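Asker: show me how the following folds:
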Amino acid sequence: MKVARVPWMALAMVLLLAGLWAGVVRLGWAWSPLLPTLPMAHGPLMIGGFLGVLIGLERAIGLGRRAAYFVPAAAGVGAVLAASGSGGNIGPLLITLASAGLVMVMAAIWRLQPALYTVVLVLGAMLWAVGNTAWLLGATIPSVTMAWAGFLVLTIAAERLELSRLLRLSRWAVALFVAVVTLVITGALVALVHFESGVRLTALGWLGLGGWLLRFDIASRRVRAGGQARYMAFALLVGYGWLAAGGVIGALLPVGRAGPVYDAFLHTVLVGFVFSMIFAHILIILPAVLGVDVLFRPRFYAHLWLLQGALALRVAGDLGLWWPARMWGGLLTAVVMVVFLVNTLSGVRLRPRLPVSAPVRAQSAGQ
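Answerer: Have a look, this model is predicted:
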């Protein structure tokens with residue numbers, strides 16, 4: 001087990017739980033906010049904090065350079081300061097610096113592996129940096145949310161494109177991928193100056209990308225397998241469905257900067273898509289990050305399907321203006337995240353240490 005990396009994962013989990021608590025309070029549940037500034041920090045905690053630390057840590061390990069660990073460190077500390085309301089703009093500044101650092105990390109990865117998917121990784125990190133810079137300079141969170149969401153969507157899409165290379169995609173399929181990614185990027189940038197137009201473009205990009213992944217991603221072929229492969233495929237496919245659903249909502253309905261449609265539009269993607277991807281990839285992420293094995297168990301389907309039900313209830317409450325459904329759907333989503341953490345940790349198994357060879361033991365004894 002990579003013991004030195006445990007504190008990073010622990011920090012990510014703490015930020016996740018804090019973000020979930022903030023989200024539940026924002027929904028209207030009469031719980032203590034713990035800190036007066038916590039509810040308003042829901043977005044920065046989840047995206048800049050939890051996911052910033054997680055993605056930053058994963059990339060730092062992949063690059064293998066100590067300097068790259070600045071990204072998860074700055075993102076984590078910045079999220080804590082933003083949530084606590086202390087330090088003025090130091091929290092947003094640190095998160096902005098973390099995103100700039102991630103751009104450099106992704107660029108280094110691109111130089112090592114020049115390919116379309118690494119280009120998209122760089123562009124995703126740049127969107128996060130642009131959104132954070134605008135936030136630091138005073139832009140409202142709704143204005144920068146398209147850029148924040150674009151960072152996550154493009155990062156995931158790039159990783160799936162890398163795996164789809166095994167299918168030998170046709171030129172027109174690759175061209176279509178580039179077109180929908182361009183829409184996502186354009187929409188995020190336009191939203192910074194004209195929110196409504198940016199949302200429409202982003203929504204079309206999400207819809208197109210969701211459809212592309214459903215059609216071309218390797219998950220559509222792995223769903224017929226068994227065990228862990230089938231579970232991961234189901235998680236991926238339902239996530240792609242939520243991404244497309246978010247696109248439909250944003251393309252057809254007046255989203256606005258707040259309110260139930262805005263809530264449904266964002267959470268179909270930031271919960272339905274992003275967390276379904278996390279549920280699928282955690283079986284790969286933890287072994288790579290911590291050097292442990294996560295044994296697949298059929299009970300993993302519990303948190304996967306409960307998430308879909310809870311989110312469907314929330315979205316139905318949003319679009320049907322049924323506030324109890326919205327509140328309960330949000331609360332159940334938070335509960336599902338805790339179930340996910342418990343289920344995942346229960347499947348963790350430490351890898352046995354390799355026995356020291358006889359020559360090495362003899363040499364050590366001689367010393």
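Asker: show me where pLDDT drops low in this structure?
Answerer: Under the criterion of pLDDT under 70, the regions of the chain flagged as low confidence span 1, 3-4, 351-367.
Asker: show me how it divides into domains.
Answerer: Following automatic domain parsing, one gets these domains for the chain: 1-113, 115-285.
Asker: same list, those, but as CSV with mean neighbour count and distance to residue 302 please.
Answerer: Just so you know, the C-beta spots here come from the backbone N, C-alpha and C atoms, and that holds for glycine as well. Written out in CSV, the entries for these read as follows (neighbours: other Cβ atoms under 10 Å; distance: least, Cβ to Cβ, whole Å):
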stretch, mean neighbour count, distance to residue 302
domain 1-113, 20, 18
domain 115-285, 20, 11
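Asker: turn those into JSON lines, including distance to residue 301.
Answerer: As requested, the domains of the chain are arranged in JSON lines below (distance: least, Cβ to Cβ, whole Å):
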{"stretch": "domain 1-113", "distance to residue 301": "21"}
{"stretch": "domain 115-285", "distance to residue 301": "7"}
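Asker: so which of those gets nearest residue 330?
Answerer: Each of the domains of the chain was checked against residue 330 via Cβ to Cβ, and the shortest separation belongs to domain 1-113, namely 4.3 Å.
Asker: mind listing the strands for the stretch 251-367 of the chain?
Answerer: Counting by DSSP state E, counting those that start in this stretch, the stretch 251-367 of the chain has strands at residues 292-294, 348-350.
Asker: out of these, nearest to residue 218?
Answerer: Each of these was scored for nearness to residue 218 using Cβ to Cβ, and the closest is strand 292-294 (20.5 Å).
Asker: tell me the strands beside the closest one, with direction?
Answerer: If you go by DSSP bridges, strand 292-294 pairs up with strand 348-350 (antiparallel).
Asker: residues in contact with the strand it pairs with?
Answerer: By Cβ atoms under 8 Å, 6 or more residues apart in numbering, the surrounding residues in contact with strand 348-350 are 1, 286, 292-295.
Asker: by neighbours, which of the residues you listed wins?
Answerer: Greatest neighbour count in those, by other Cβ atoms under 10 Å, goes to residue 294: 21 neighbours.
Asker: which neighbouring elements make contact with the longest helix belonging to the chain?
Answerer: As far as residue count goes, and with DSSP state H defining each element, the longest helix of the chain is helix 227-252. Judged by 3 or more Cβ pairs under 8 Å, 6 or more residues apart in numbering; DSSP states H and E, the packing partners of helix 227-252 are helix 195-216, helix 219-222, helix 260-267, helix 274-290, helix 300-319.
Asker: elements contacting the fourth one?
Answerer: Spelled out, that is helix 274-290. For helix 274-290, the contact count by 3+ Cβ pairs under 8 Å, 6+ apart identifies helix 6-27, helix 52-63, helix 141-164, helix 227-252, strand 292-294, helix 300-319, helix 323-346 as packing neighbours.
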